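Undergrad: pasting a predicted model and its sequence here:
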Amino acid sequence: MRKALTSSGRWDHNFLDYGETSVETSETIRSVMYGTSPARLKTAVGRMENVLVSGHFVADKYAGQFPHATLVTFLRYPVHQVLSHFRHHVARLGFSGGLGEFCRNPSFCNLQSRYLGDVPIDRFSFVGLLECLSLDMITLSDLVGAKLQLLHLNRLEVLPSIPVSQKQIAMIEESNADDMALYAAALALRSRKRVAAGGVENVPR
């Protein structure tokens, strides 16, 4: 999604924030937000227009600085998100425990709701769902005024799928109750907008 947005040519300035140590993080972000005396990005960008800030960060890190910004986020059905995150940690970060241990670690629970932080979901101009990616890319293209390409990057298809029991699914749902509630709220918000627009949509589970 980030590459689809940054490669669209829609913005005059692109800033990436994937954390202080990530090579993806823009130098401006690193020096302003992670320097010895962290400052406000709003001050650094000054009168710049058509600015895109994207990456992995808590929403209110920048939402308060740019109260009139168009906020965009994508969510994923929490069970799918946890299983994907688990596979990522096993394949690329050396996690050697099982799914149960992973789910009992608070660091891996309710990531999506924690990233949205104190910003209410209805503050976002667009809340996409990974399960509806093809459709949402069209909607997001209309919102930003640029045709976005549907890219499939950073995949883990080379790994075998993880067999998951109903008991494990219940465990994931229980340990990620905040994310389950957030996803339900996103579905409700989406339904209200679709009804208001006179449309009907089936969302895969």
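TA: Looks like it came in fine.
Undergrad: for beta bridges, what are the partners of the residue nearest to the spatial centre of the chain?
TA: The chain has F74 as the residue nearest its centroid, 4.5 Å off, counting by C-alpha atoms, centre = their mean. Note on F74: beta-bridge partners by DSSP bridges are G128.
Undergrad: tell me how this structure divides into domains.
TA: By the assignment in automatic domain parsing, the chain contains the domains 1-67, 70-205.
Undergrad: are we agreed that N14 is in a strand?
TA: Yes: assessed with DSSP: H, G, I helix; E, B strand; the rest coil, N14 lies in a strand.
Undergrad: what's the pLDDT at it?
TA: If you check N14, the pLDDT there is 93.
Undergrad: the longest helix seen in the chain: which residues count as buried?
TA: If you go by DSSP state H, the chain has its longest helix at helix 177-196. Across helix 177-196, burial judged by 16 or more other C-beta atoms under 10 Å covers D178, D179, M180, L182, Y183, A185, A186, L187, R190. To be clear about C-beta, it is placed using only N, CA and C from the backbone, and glycine gets the same treatment.
Undergrad: quick check, S125 in contact with A63.
TA: No: taking C-beta atoms under 8 Å as the definition, S125 is not a contact partner of A63, at 11.4 Å.
Undergrad: the two: which has the busier surroundings?
TA: Neighbour count, other C-beta atoms under 10 Å: between S125 and A63, A63 has more, with 17 against 13.
Undergrad: any low-confidence regions in the chain?
TA: 153-161, 194-205 (pLDDT under 70).
Undergrad: where do the helices sit along this protein?
TA: 2-6, 27-33, 41-45, 60-63, 78-92, 99-104, 111-116, 133-144, 166-175, 177-196.
Undergrad: of those, flag the one that's most buried.
TA: Mean neighbours per residue, mean count of other C-beta atoms under 10 Å, is largest over these for helix 111-116, with a mean of 19.
Undergrad: that helix: how far from the chain's middle?
TA: Here the centre of helix 111-116 is set off from its chain's centre by 8 Å, with C-alpha atoms, centre = their mean, to the nearest Å.
Undergrad: could you do stretch 163-175 as well?
TA: Counting by C-alpha atoms, centre = their mean, stretch 163-175 comes out at 22 Å from the chain centroid.
Undergrad: what is the burial count for the closest residue to V119 other than its chain neighbours?
TA: Among residues not flanking V119 along the chain, A59 sits closest, at 4.2 Å (C-beta to C-beta, 6 or more residues apart in numbering). For A59, the tally of surrounding residues (other C-beta under 10 Å) stands at 18.
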